[in-house]
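Visitor: how would this look folded up:
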Amino acid sequence: MLRAFAAKLPAAAAAAAAAWLLPPGWAALAIAAIAVALVGFFTYAIAHPRSQFFIPVVDRLAADAPVVALTFDDGPDPVVTPRILDLLGAHGARATFFVLGERAARYPDVIRRIHREGHTVGTHTQRHLVRFHFARPRFVRREIEDAVDVVAGILPARPALFRPPQGLRTPMFTSGWRTTHGLVCVTWSVRAFDSRPTTADAIVGRVAHRLAPGAIVALHDGTGLGGGRDREPTLAALPRILAACQARGLRCVALGEAGGSVRSVPEVPEVPEVPEVR
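Guide: The predicted structure is shown next:
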């Protein structure tokens, strides 16, 4: 929240100076330009997967090895996720699954299979609510930590990777996130946009030409807020994506593997929890 406030101060000062120094017509134009620039800046800071403004994120792997990371959000799904695991197994590929806590609790055997077959399990909040992006820090922290606790109760180790819904890092989310400890925030460098109604051809078209060493690819095995429920296009596109990786000599790794290390994430200093003001 402090960073957001600090970013607004120069814009407010510039607008005040424009209003004071410029003729009325030019002042209005300058203030409008400042407002557009501010909106553009915050859109980038909140939504762009590479933005490090609010919190450090990992948006790609170090590109010193021929590896890519396929990631799947919003599961587990009792039908779709096992089919994805079958496809990954047939190609000798590993992946990372950012799961919802409430679905992990409902389908613990799927979570165990993901882990047993060498994939990494991260978390994606407890319930994938739109409120998550705008709630108080205590609610944000609970949504994050409840999902971690669910997965930790199923697997031998606590998950260390987290992906925020839609990849958004709002100032409210940031306030809650900084009171959690030991988690790495992961976004992506390639997005399939397969959560919306689409086709396998469209998914492959968005992904295949951007496969390169270090890429983190965002796909879906479940249904998130406002997303389409049909995962057949993803299932049809996945073998073609895996084949494209193999043709380019790229190995599909899980983010928990040594070859798919998220070692490039910056160190985040621990921030003491501040009591909420009611």
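
Visitor: quick one: the strands in the stretch 101-250 of the chain, in order.
Guide: Using DSSP state E, counting those that start in this stretch, the strands of the stretch 101-250 of the chain run over residues 120-123, 161-162, 184-185, 190-191, 216-220.

Visitor: which of these is buried the deepest?
Guide: Between the strands of the stretch 101-250 of the chain, strand 120-123 has the highest mean count of neighbours, a mean of 26, where neighbours are mean count of other Cβ atoms under 10 Å. No exception for glycine: its C-beta is placed from N, CA and C like everyone else's.

Visitor: helices or strands next to that one in the packing?
Guide: With contacts defined as 3 or more Cβ pairs under 8 Å, 6 or more residues apart in numbering; DSSP states H and E, strand 120-123 has these neighbours: strand 95-99, helix 108-116, helix 137-152, strand 161-162.

Visitor: show me what the longest one is packed against.
Guide: Looking back up the chat, that one is helix 137-152. In terms of contacts (3+ Cβ pairs under 8 Å, 6+ apart), helix 137-152 is packed against helix 101-106, strand 120-123, helix 171-177.

Visitor: which residues touch D201?
Guide: D201 sits next to A237 when contact means Cβ atoms under 8 Å, 6 or more residues apart in numbering.

Visitor: hmm, V190 is touching V217, no?
Guide: Yes. If you go by Cβ atoms under 8 Å, V190 and V217 touch, sitting 4.5 Å apart.

Visitor: next, show the common contact partners of these two.
Guide: V207, L211.

Visitor: specify the stretch among the strands of the stretch 101-250 of the chain that is closest to R106.
Guide: Taking Cβ to Cβ as the measure, the strands of the stretch 101-250 of the chain were each checked against R106, and strand 120-123 came out nearest at 14.7 Å.

Visitor: could I get that closest one in PDB with only the CA atoms?
Guide: Extracted C-alpha coordinates of strand 120-123, given in PDB (Å, rounded to 0.1, in the frame of the first residue of the first chain):
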ATOM      1  CA  THR A 120       5.300 -30.000  -8.100                       C
ATOM      2  CA  VAL A 121       2.300 -28.900  -6.200                       C
ATOM      3  CA  GLY A 122       1.900 -25.200  -5.600                       C
ATOM      4  CA  THR A 123      -1.200 -23.300  -4.300                       C
END
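
Visitor: which outside residues touch that strand?
Guide: Residues from elsewhere that reach strand 120-123 (Cβ under 8 Å, 6+ apart): 71, 94-101, 111, 114-115, 144, 147-148, 151, 155, 159-163, 186, 254-257.

Visitor: which intervals of the stretch 51-200 of the chain have sub-threshold pLDDT?
Guide: The model of the stretch 51-200 of the chain has no residue with pLDDT under 70.

Visitor: buried deepest among the helices and strands packed on strand 120-123, which one?
Guide: strand 95-99 (a mean of 29).

Visitor: partners of whichever strand in the chain runs longest in the sheet?
Guide: In the chain, ranked by residue count with DSSP state E as the criterion, the top strand is strand 67-73. Sheet pairing of strand 67-73 (DSSP bridges) gives strand 95-99 (parallel), strand 216-220 (parallel), strand 251-252 (parallel).
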